[in-house]
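Asker: coordinates only, sequence not included:
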């Protein structure tokens, strides 16, 4: 689960099998306690969604804040994990 804003939203595309897909860049920012001290946390993460979730995401505006649920996977040709979004809701 990740609360983040949509920083970049690619165009809705279709896989060779005809499944809707969309690529995103998400940005997270929060303040958390670590070892008893407040810590400012910032992270940017690439994400992807398929099917009906991709179609729903394609209509969202940049900068909108959401709670995303999914899993992390490293693509075969990449070094950085990508969040595969399985669901999202307004935060």
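Answerer: Perfect, thanks for sending it. No experiment lies behind these values; they were computed from the predicted model shown.

Asker: can you pull out the strands in the chain?
Answerer: 2-9, 13-14, 20-34, 37-50, 65-73, 82-90 (DSSP state E).

Asker: In CSV: those, plus mean pLDDT and distance to residue 59.
Answerer: To be clear about C-beta, it is placed using only N, CA and C from the backbone, and glycine gets the same treatment. Putting these into CSV (pLDDT from 0 to 100; distance: least, C-beta to C-beta, whole Å) gives the following:
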stretch, mean pLDDT, distance to residue 59
strand 2-9, 95, 10
strand 13-14, 97, 15
strand 20-34, 96, 10
strand 37-50, 96, 12
strand 65-73, 96, 13
strand 82-90, 95, 12
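
Asker: Bridge partners for the residue nearest the centre of the chain, pull those for me.
Answerer: By C-alpha atoms, centre = their mean, the mean C-alpha position of the chain lies nearest to residue 47, the distance being 4.1 Å. Beta-bridge partners for residue 47, by DSSP bridges, are residue 24, residue 83.
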